[in-house]
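Asks: Sharing a model prediction with you, sequence too.
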Number of protein chains: 2
Amino acid sequence: MAGILHRTLRLKTALRHLSPHSTLSSTNTARPSHLHLCSPVLLTNSWQFGACCRKLHAGADGQKQSPAAAPERLPFSRVTEEDLDFFKKLLPARTITDPDLLESTNVDWLKSVRGSSEVLLRPQTTEEVSQILRYCNSRNLAVNTQGGNTGLVGGSVPVYDEIILSTALMNNIMSFDSISGILTCQAGCVLENLSLYLEEKDYIMPLDLGAKGSCHIGGNVATNAGGLRLLRYGSLHGTVLGLEVVLADGRVLDCLATLRKDNTGYDLKQLFIGSEGTLGVITAVSVLCPRKPKSVNVVFLGCETFEQLLKTFQLCRGMLGEILSAYEFLDSECMRLLNTHLKLSNPISDCPFYVVIETSGSDPTHDGEKLHNFLEEAMTSSLVTDGTVATEDSKIKALWSMRERVTEALTHDGFTYKYDISLPVERIYQLVTDMREHLGDRAKSVVGYGHVGDGNLHLNITSPAKDPALLAAIEPFVYEWTAGCQGSISAEHGLGLKKRNYIYYSKPSQAVALMGNIKAMLDPKGILNPYKTLPDNLK
Amino acid sequence: MAGILHRTLRLKTALRHLSPHSTLSSTNTARPSHLHLCSPVLLTNSWQFGACCRKLHAGADGQKQSPAAAPERLPFSRVTEEDLDFFKKLLPARTITDPDLLESTNVDWLKSVRGSSEVLLRPQTTEEVSQILRYCNSRNLAVNTQGGNTGLVGGSVPVYDEIILSTALMNNIMSFDSISGILTCQAGCVLENLSLYLEEKDYIMPLDLGAKGSCHIGGNVATNAGGLRLLRYGSLHGTVLGLEVVLADGRVLDCLATLRKDNTGYDLKQLFIGSEGTLGVITAVSVLCPRKPKSVNVVFLGCETFEQLLKTFQLCRGMLGEILSAYEFLDSECMRLLNTHLKLSNPISDCPFYVVIETSGSDPTHDGEKLHNFLEEAMTSSLVTDGTVATEDSKIKALWSMRERVTEALTHDGFTYKYDISLPVERIYQLVTDMREHLGDRAKSVVGYGHVGDGNLHLNITSPAKDPALLAAIEPFVYEWTAGCQGSISAEHGLGLKKRNYIYYSKPSQAVALMGNIKAMLDPKGILNPYKTLPDNLK
């Protein structure tokens, strides 16, 4: 009883901070803006790993071939001296062949996929990209387009010796219309740089990712990146207004409209959003940007059951309405890992479930009042057991880190099997519970966290070391479970190399066949990002 | 001076109604929910009009062939008795051949296009649609899919004797998830019925149109309908989560996901959004629905210049922020027509420009305060000359009617040449000014109104009667002017039959050619909604 009173008092104290006249934070929350390369996560299906692994990709360790393993190299041409001469003439000083310089572009961030490309091209203009692709297509040379190389499914690096086409030097902002909020820029602009540019003009980007310090807007669009603002501003299919794309044969497709409305024919740009570089090379993007919010608040709450957590979400959508910008969750197992491995202490009392809610709006007083009323109702109706409110920048950051550092905590817990699942929102935690029961004591930890607002669960399972028997118990169980709920086996990470062969768990064969037709139409020789997105058995 | 004081006082009086504790309207604005069939507008390019006009479409009146005129009938098969037997067996009592019953489905709402179809099919299920298309494809019979038949570009009716496939009986709501707000329904559900269904559950549809009492959700998606909520909730490319589509050969493409996030391969459903029934027949839709706002307010303001109107928009975006749901405008010429033809009196003093602003939010008091602060600032900085605020339902309706009844007023002014143009927002009124100057006294009225928030201008030009010389002065001037600003010659109406050949003003030939490839891939015989969307000269 004393505990309950204590918890209630703490939340009441927090609520006082939200009185209409209190000073609320007027800045955006600052989250880790750069990728941390320490302690790379070893993924489910990591292959033999070495400087030259052309022959080692496909199950060379003697284990049963995983659907995630790379297929045999396709019969593309190999780069010759004549090819290099062409590239060096086109891109003097921007045709890289030094193996040391190529090293970081051949390996993905998770260090789970390594290609063996011997050429990195760094074009600056659309015309250069066009000439590169025209040449590669005529020579049957495969091309891997690379942005910030922050992908998690092996889509952003070569699998064999594909030429790496980097957008890093295509980083000019082309225009910004301060009346409509429409930004147009080259594909290689780093997301954080765009955010900083826009903030000065009182706007923000409609998406925000942990990888923002490295990722490129072109890569964001090519992978249909989700991230932390999707709940509020929607997906890139809605916010991207135009694209310029170079097709496999070098033709430039100009769909770089800067209009909110344009119903003159099929919306071709949509094809390239989320196509992971397999249909064309995105060279420029126009995007609709929201105004910068004048106030941001974060609360951290505890719930006894996942059902209460969902009821709290409902209440929150009704009472916070238009200012709700994030509704994230983690379970008590995540909290245990944060405590154990990162020494982060729980800002509230122990609960089975924790929620991070962010609001962003145009009036600090109004936002504070809405939050106050919501929290009072959530407490009164016993949906929430305990909670704390952040009204200062440092505390906002601290609360966000409880959600954002779960991935890091997991890397310290052991070998991690990671799944990024989309489900009807009322089902998302059932998968964690069922997986825990299914695995019993075979797993070290089974944890769930993610974006409740988007129905997106990050399910992670750790074991002391890589464990093929455990993997066999997880898969295909996790995919079958997801398919049984009409869920998606990749909510936001894409398919890339690693998940391409699992596509049928989320898409009917009719749809996959049509994808193949589109690929064949736009890239008949298949030179663009081969071995990615589409399954091996596609006819 | 007295006038200025009077105006200022009126606005101040209005502002008092918005004090934090005043009672604000808590219902949605009610706009005309049914299409009015009185006084059909005669469009730019209306053809000979009669019960049988197969041979009359193509410039039979001896005038120079317009790019909007129908091309020659393509060599599709004609419906035989055997075909009718098949359909009657498949759809007993739902295969309509009575000419009287076919009459309304052969003619568009504007009565500007008349087909001569002799068969209307009314399937109830996806399987029936599949069987119809499989049969038609094998027999080379052309098909015109029809929803509510409310389109404005001749896309929703047959041009010759295409079989009409109506979605009217496919009107079941399949599911609604009250946690996520995701609605799944058959394509023939009437938009207003969906809205009423959702309102009971405290949600709304993300789109709202004047035609909501008749239009079908499948048609909305097929035409990528814009409407009155686009500024707030974005386009259907963002809010539609899934589609079920029957392809030309009868295959069912199941992309009917009900997930906010799904990055497993290409987002195929996007292809069909805005394809105007030329790539497949949409049979079911899932859509993400916003919560119903708890308060709605409308203000009507006057500005001296269009520049001030744009500055007011900027101010409004900043100060109303997340509750802004509409920013519409009309010019003084529109007001003159409303006064003259509909006897609607100006609710404020005469100004060159008028603005209708709508807010919708979750807290009536907060919304009122935001609006109050914005109006005070707009007045103080002299951006706004005069204004009035609606806090009661009847006044909200009256203010909205000033914007919504402009179309009706135009029909009384004479023969109307109508254009639906998308432009960079800072240019939208320049086109009206330039057109006025360009036409001089050749036109009776040249008026501009539309969705400032979306950069969408409705430019209308009237003359006492149909006037080929005037038309020749308007076109291609209007299209060239639009193309010069990288605008869209069809912001929200689509291309349909009437605008298909103007596509090159807004899309490069490379893009149009790719559209042709997609059409050929999905509908190789071209049986789906022929003569629409794609230009005649497409190879």
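Replies: That came in fine, so what should we check first?

Asks: and the longest helix along chain A, what other elements does it pack with?
Replies: Ranked by number of residues, the top helix in chain A under DSSP state H is helix A:364-380. On a contact count with 3 or more CB pairs under 8 Å, 6 or more residues apart in numbering or on different chains; DSSP states H and E, helix A:364-380 meets helix A:2-16, strand A:295-303, helix A:306-320, strand A:353-361, strand A:386-390, helix B:364-380. Every C-beta, even on glycine, is put in place using the N, C-alpha and C of the backbone.

Asks: Quick check: mean pLDDT of the fourth one?
Replies: Per-residue pLDDT over strand A:353-361 has a mean of 96.

Asks: angle of that strand against helix A:306-320?
Replies: If you take axes from the mean of the first three to the mean of the last three CA atoms, to 10 degrees, strand A:353-361 sits at 10 degrees to helix A:306-320.

Asks: Who does strand A:353-361 pair with, and is each partner parallel or antiparallel?
Replies: If you go by DSSP bridges, strand A:353-361 pairs up with strand A:295-303 (antiparallel), strand A:324-331 (antiparallel).

Asks: Pull the distance from the shortest one to the chain's centre.
Replies: I take that to be strand A:324-331. From the chain centre to the centre of strand A:324-331 is a distance of 16 Å (CA atoms, centre = their mean, to the nearest Å).

Asks: ok so, going back, return the alpha-carbon coordinates of the longest helix of chain A using PDB.
Replies: Below are the C-alpha coordinates for helix A:364-380, written out as PDB (Å, rounded to 0.1, in the frame of the first residue of the first chain):
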ATOM      1  CA  PRO A 364       3.800  24.500 -24.800                       C
ATOM      2  CA  THR A 365       1.000  25.500 -22.400                       C
ATOM      3  CA  HIS A 366      -1.700  23.600 -24.300                       C
ATOM      4  CA  ASP A 367       0.600  20.500 -24.700                       C
ATOM      5  CA  GLY A 368       1.300  20.500 -21.000                       C
ATOM      6  CA  GLU A 369      -2.400  20.700 -20.100                       C
ATOM      7  CA  LYS A 370      -3.300  17.900 -22.500                       C
ATOM      8  CA  LEU A 371      -0.600  15.700 -21.000                       C
ATOM      9  CA  HIS A 372      -1.600  16.600 -17.500                       C
ATOM     10  CA  ASN A 373      -5.300  15.600 -18.200                       C
ATOM     11  CA  PHE A 374      -4.300  12.400 -19.900                       C
ATOM     12  CA  LEU A 375      -2.000  11.300 -17.100                       C
ATOM     13  CA  GLU A 376      -4.600  12.100 -14.500                       C
ATOM     14  CA  GLU A 377      -7.200  10.000 -16.300                       C
ATOM     15  CA  ALA A 378      -4.700   7.200 -16.900                       C
ATOM     16  CA  MET A 379      -3.900   7.200 -13.200                       C
ATOM     17  CA  THR A 380      -7.500   7.500 -12.000                       C
END
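
Asks: Flag every buried residue along it.
Replies: The neighbour-count check on helix A:364-380 (16 or more other CB atoms under 10 Å in any protein chain shown) flags A:364-372, A:374-375, A:377-379 as buried.

Asks: again, but for stretch A:398-417
Replies: For stretch A:398-417, a neighbour-count test (16+ other CB under 10 Å) marks A:398-411, A:413-417 as buried.

Asks: Kindly report the same for stretch A:330-348.
Replies: Buried residues in stretch A:330-348 (16+ other CB under 10 Å): A:330-331, A:333-338, A:344, A:346-348.

Asks: Out of these, which comes closest to A:Leu84?
Replies: The closest of the buried residues of stretch A:330-348 to A:Leu84 turns out to be A:Leu337 (CB to CB; 48.5 Å).

Asks: which one is that closest one nearest to, not counting chain neighbours?
Replies: Leaving out its chain neighbours, the residue that sits closest to A:Leu337 by CB to CB, 6 or more residues apart in numbering or on different chains is A:Ala409, at 4.0 Å.

Asks: For burial, what's the neighbour tally of the closest residue to chain B within chain A?
Replies: Proximity of chain A to chain B (CB to the nearest CB) peaks at A:Gly238, 2.2 Å away. Neighbour count of A:Gly238, defined by other CB atoms under 10 Å in any protein chain shown: 19.

Asks: B:Leu241 is in contact with that one, correct?
Replies: No. With contact defined as CB atoms under 8 Å, A:Gly238 does not reach B:Leu241; the gap is 11.3 Å.

Asks: what's the neighbour count on A:Val389?
Replies: Neighbours around A:Val389, by other CB under 10 Å: 26.

Asks: Tell me what it is bridged to.
Replies: Beta bridges link A:Val389 to A:Val299, judged by DSSP bridges.

Asks: Span of stretch A:485-505 from start to end?
Replies: 11 Å (CA to CA, to the nearest Å).
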